[in-house]
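> have a look; sequence and predicted model below, questions after that.
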Amino acid sequence: MLMRHLYEHAEARPDHTALVYRDERIGFAELVERIERLAAGLVERGIGEGDAVALLLDNNPALVTSFHAVTALGGIVVPLNPSFKQDELEFSFRTCGVRAVISDERTAGVCERIAAGLEGPVEVIATSSAHGQALTLDMLIESHAAARLEPRSPDDVFLTQFSSGSTGRPKPVPRTHEQCVFEAEHYTTTLDITPDDRIFCAIPMIHSYGMGACLLAAGRAGATLVILEDPNPFLLRRHRALELIERERATIFPGVPFNFRLMAEAPAGADLSALRYCFSAGTALPLPVFEAFGERFGVLVRQLYGSTETAVMTINVDPDPVSTLESVGSPVGTVELRIVDADGDPLPVGEEGEVAVRSPSMTRGYADMDALNREAFRDGYFLTGDLGRLDDEGRLFLTGRKKLLIEVGGYKVDPIEVQDVVVAHPKVEEAIVVGAEGRVQGEDLVKAVVVPSEDFDDRELMEFCRERLANFKVPQIVEFREEIPKSPLGKVLRKYLV
């Protein structure tokens, strides 16, 4: 279904720029041809309907091309963080039963090692042959002719993402073509995105927020997607970000508080007057960041709320962004929100409770997790684990969360997943992982509180974790204690660990 919109744009405006990346400008007709060629190459390699293909790619044209090629041929995209370590990748590959992996040259080697230990053949396709890879993405694109792709069924699953939570390992979230088209339309209609818009992308498109607000929205509306190359560490790329927004006259900028704070603090200025909307998501936007960015660039940052399970739920497009700056906005499209108590019963306007959502872009449930689905999905609503309240105008204000997620530089970290790794260290008797307040409001640190079985130092533990976890999940603080504080009933008293 998404491919249908790309065909429409390619036919109506073949030379209209679809992607801007470094010095490269790719029109819609050229993008469609690349997608068709890659799809033909994947089919020749035996990859077809229902096959899961993992994408381990940074933001670039290869990611956009691969995403659409796999979904258009009937496959299932499994977007994964290229910074994941072998254990994390192997868990994801096995969970989804991947049939192929498309990765950059940095991760192709580890993917091949994992593939060798999996049941059934798994094809590893690299973006280059820098390390001697026999099969590359360019080879598949250049050696196959373009052919129009058949439309897919709206109910076909075409995407599996992983959602963090409070249950240890990430949970697989399958979504269909129709659900993702609804997500794209929620963005384009709420923000009135047209082909004249230019969406600036500095957030990972492998994650739900970046995929929806950038890749899907741009493809649905026929807008130009301006991709910031190598966005991490953003501290070193903020000047390039400002330069691109000014040069390309970007009109929409979805980001996280971390982005907006660092840009507001940048020594050099920029003309960002073309921006119609700036949005922040992932964690609450601190008032000092809102004020600093607005004073520096004359653009007020609004808030947006979404999740992997539901996609975007609310966007603040209020005529007065100052008085409503603490709100994440009102429901988009046909999304329905309600605030519920501990029993799942709706609460009156103004009262705080758990945020529950029903949306046409929402997953029908986690894959192969029936017990958890009965707990998280009730009466057609998904219980988000976030706490909030609604005002008389239907605006949502988030007030906290029931889940234990830690926000680190725009990423969500599940402390239970990190904790599982920490306690696996042979010198750790017991451990609890929590989020600790960082130096900057709204930016957390991962903290491990450890009861050791024998003497060792924090560097040894951090290195142990670094070998098994993506760098953003590795504890930045390690505190050694003789015991973990607990209640008389044995419940861990986390408030004494933060």
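Structure received.
> wait, doesn't residue 475 sit right on residue 422?
Yes: in this structure, residue 475 is within contact of residue 422 by CB atoms under 8 Å, at 7.1 Å. From N, CA and C alone the C-beta is placed, and that goes for glycine too.
> pick out whichever of those two has more residues nearby.
residue 475 (28 against 25; other CB atoms under 10 Å).
> for the stretch 251-400 of the chain, what spans make up the strands?
252-255, 277-280, 301-307, 311-315, 330-331, 336-340, 353-358, 377-378, 381-390, 396-401 (DSSP state E, counting those that start in this stretch).
> please name whichever of those is nearest to residue 177.
strand 311-315 (13.2 Å; CB to CB).
> now that closest one: average pLDDT?
Throughout strand 311-315, pLDDT has a mean value of 98.
> hang on, the earlier thing: what touches both of residue 475 and residue 422?
Any residue near both residue 475 and residue 422 by CB atoms under 8 Å, 6 or more residues apart in numbering counts here, and that gives 433, 448, 461, 465.
> could you identify which of the strands of the stretch 251-400 of the chain is most buried?
Greatest average neighbour count among the strands of the stretch 251-400 of the chain goes to strand 311-315 (a mean of 28), per mean count of other CB atoms under 10 Å.
> circling back to that earlier point, nearest to residue 181, of the strands of the stretch 251-400 of the chain?
The nearest among the strands of the stretch 251-400 of the chain, by CB to CB, is strand 311-315 at 10.7 Å.
> pull the residues that contact that closest one.
Residues from elsewhere that reach strand 311-315, judged by CB under 8 Å, 6+ apart: 175, 179-180, 182-183, 186-187, 190-191, 208, 212-213, 279, 302, 304-307, 328-332, 335, 337, 357, 359, 361-362, 396.
> CA atoms only: put it into PDB for me.
Extracted C-alpha coordinates of strand 311-315, given in PDB (Å, rounded to 0.1, in the frame of the first residue of the first chain):
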ATOM      1  CA  ALA A 311       2.500   4.800  16.500                       C
ATOM      2  CA  VAL A 312       1.700   8.500  17.000                       C
ATOM      3  CA  MET A 313      -1.200   9.200  19.300                       C
ATOM      4  CA  THR A 314      -1.200  12.900  19.900                       C
ATOM      5  CA  ILE A 315       0.400  16.000  18.500                       C
END
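> so which of the shared contacts of residue 475 and residue 422 are in helices?
Using DSSP state H, the subset of the shared contacts of residue 475 and residue 422 located in helices is 461, 465.
> and which of the shared contacts of residue 475 and residue 422 is nearest residue 226?
Using CB to CB, the shared contacts of residue 475 and residue 422 come closest to residue 226 at residue 465, 35.4 Å.
> and the closest one, how many residues sit next to it?
So residue 465, with other CB under 10 Å, has 24 neighbours.
> what residues are up against it?
Applying CB under 8 Å, 6+ apart, the residues near residue 465 are 418, 421, 422, 473, 474, 475.
> could I get the pLDDT score of the residue nearest to the fifth one when sequence neighbours are not counted?
Translated: residue 474. Nearest non-adjacent residue to residue 474, counting by CB to CB, 6 or more residues apart in numbering: residue 465, 4.6 Å away. Per-residue confidence at residue 465 stands at 95 (pLDDT).
> where does the stretch 51-200 of the chain dip in pLDDT?
130-133, 165-168 (pLDDT under 70).
> for stretch 223-242, measure first residue to last.
Chord length of stretch 223-242, first to last residue, is 20 Å (CA to CA, to the nearest Å).
> okay, buried residues for that stretch please.
Buried positions in stretch 223-242, judged by neighbour count with 16 or more other CB atoms under 10 Å: 223-228, 231-232, 234, 237-238, 241-242.
> please enumerate the strands of the stretch 1-150 of the chain.
Going by DSSP E, counting those that start in this stretch, the stretch 1-150 of the chain shows strands at 17-21, 24-27, 52-56, 76-79, 98-103, 123-126.
> okay, now the closest residue to residue 15 other than its chain neighbours: neighbour count?
Distances taken as CB to CB, 6+ apart put residue 27 closest to residue 15, at 4.6 Å, once the chain neighbours are dropped. By the criterion of other CB under 10 Å, residue 27 has 18 neighbours.
> about what we covered before: most surrounded residue in the shared contacts of residue 475 and residue 422?
residue 448 (29 neighbours).
> how about the residue nearest to that residue when sequence neighbours are not counted, secondary structure?
With sequence-adjacent residues excluded and distances taken as CB to CB, 6+ apart, residue 448 is closest to residue 475, at 4.0 Å. Put simply, residue 475 is coil when judged by DSSP: H, G, I helix; E, B strand; the rest coil.
> can you tell me which residues contact residue 475?
Residue 475 sits next to 418, 422, 433, 446, 447, 448, 461, 462, 465 when contact means CB under 8 Å, 6+ apart.
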